[in-house]
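In: Attaching a predicted model along with its sequence, questions to come.
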Amino acid sequence: MTGVLRVLPGVLLSAAVGAVAFGVQALEARMMGRAWVEALVLAILIGAGLRLVWTPSETWAPGVRFSGRTLLEIAIALLGATISGAAVMALGLWLLLAIVVVVALALVGGYAIGRLLGLPPAMALLVACGNAICGNSAIAAVAPVIRAEGEDVAAAIGFTAVLGIGVVLIVPLVGALMGFDALETGALAGLTVYAVPQVLAAAAPAGAAAIQLGAIVKLVRVLTLGPVCLILALLGPERFGGPAPAGRPSLHHLLPWFIVAFLALTALRSMGLIPDVFLPPLEVGVTALTLTAMAALGLSVDPRAVVRAGPRTAATAALSALLIGGLALVAILILPLPPG
């Protein structure tokens, strides 16, 4: 009970900031027809803005730290329950392999671009993961595995999120210029756009078939998050500038509990042991936990450090997006797509 009381003020503060961000996103969607800036990004911005004028005291700090790490790990674990193996297998072997190859090449290439532009290893990896896998969620999931600094996480999420909006607008235009049909446009959206709601927005101009295929392709990209985090844990945070574990790495460091839970829940969902009726509340829970965690991240970072990371991070994000876009176009042009 003492531990709960110790973290409660900071958790409530983070949750309140997250709720404000969600409300701003809803207002944004009502006034402009679409939420151009996601609540996850708004939570970081609002938290960071508050941090500029007020530094949380020790009354708030334990709960802010708990929200930024433990609640985020729980959200990542629960995300696995939303992925169905049946929908994934319907894509066919060749397209599944293509998605994995595109993600792998985009991840390695994006990291190399960041390092060539002078980014620290952790920042280069965070930006690469955000572009290659699933934007904010991938950055948030990888951060605790490599022990990334809060400033790096906030900067990577901020620049990747802004770029993500541009990708949503560009995908339908590229599809039209390339003469793509609905399935090809959906595959392009699923392979390049960051968040699932953004995939739906990017694929919508091409019709229902594009939306359906785009969402499934995107879910496969999300599914690669577990293996990527496992590989990074095996490599060790010290390879990316994080603190090396004292002594021999424990099983907990090599295989984080939330990645095990993510994969286990994905397996349960694929076996039909998690009914569809549980998915809506699970998705709400994941959103609420992630919003709280992102607000805590904003409350715990120095925005001035994020600004200092600007130009090189922005250039890395842009070039990484161009890389995955090129890889996606090659995959679509040479591989057969499943029937609509």
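Out: Everything's here; your move.
In: check contacts around residue 175.
Out: When contacts are counted by C-beta atoms under 8 Å, 6 or more residues apart in numbering, residue 175 touches 184-185, 188, 206. Backbone N, C-alpha and C define where each C-beta goes, glycine included.
In: Repeat that for residue 42.
Out: 21, 24-25.
In: and the next element down the chain from the least confident helix or strand in the chain by mean pLDDT?
Out: None of the helices or strands of the chain scores lower by mean pLDDT, DSSP states H and E than helix 251-254, at a mean of 49. Remark: after helix 251-254, the chain's next helix or strand is helix 257-270, criterion DSSP states H and E.
In: I'd say residue 209 and residue 182 touch.
Out: Yes: the pair residue 209 / residue 182 is scored as a contact, 4.2 Å apart, by C-beta atoms under 8 Å.
In: a markdown table for the contacts of residue 175, including pLDDT, neighbour count and secondary structure?
Out: Shown next, in a markdown table, are those (pLDDT from 0 to 100; neighbours: other C-beta atoms under 10 Å; DSSP: H, G, I helix; E, B strand; the rest coil):
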| residue | pLDDT | neighbour count | secondary structure |
| --- | --- | --- | --- |
| 184 | 88 | 19 | helix |
| 185 | 89 | 28 | helix |
| 188 | 92 | 29 | helix |
| 206 | 81 | 24 | helix |
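In: And those, which is closest to residue 321?
Out: Using C-beta to C-beta, residue 188 comes nearest to residue 321 of these, at 12.9 Å.
In: picking up where we left off before, compare neighbour counts for residue 209 and residue 182 and give me the winner.
Out: residue 182 (21 against 16; other C-beta atoms under 10 Å).
In: got the contact list for the more buried one?
Out: By C-beta under 8 Å, 6+ apart, the neighbours of residue 182 are 206-210, 213, 340.
In: quick one: which of these is most hemmed in?
Out: residue 210 leads the contacts of residue 182 on contacts (other C-beta under 10 Å) with 30 neighbours.
In: Spatially nearest residue to it (excluding sequence neighbours)?
Out: residue 186 (3.5 Å; C-beta to C-beta, 6 or more residues apart in numbering).
In: Ok, residue 96 next?
Out: Nearest to residue 96 is residue 220, by C-beta to C-beta, 6+ apart, at 6.5 Å.
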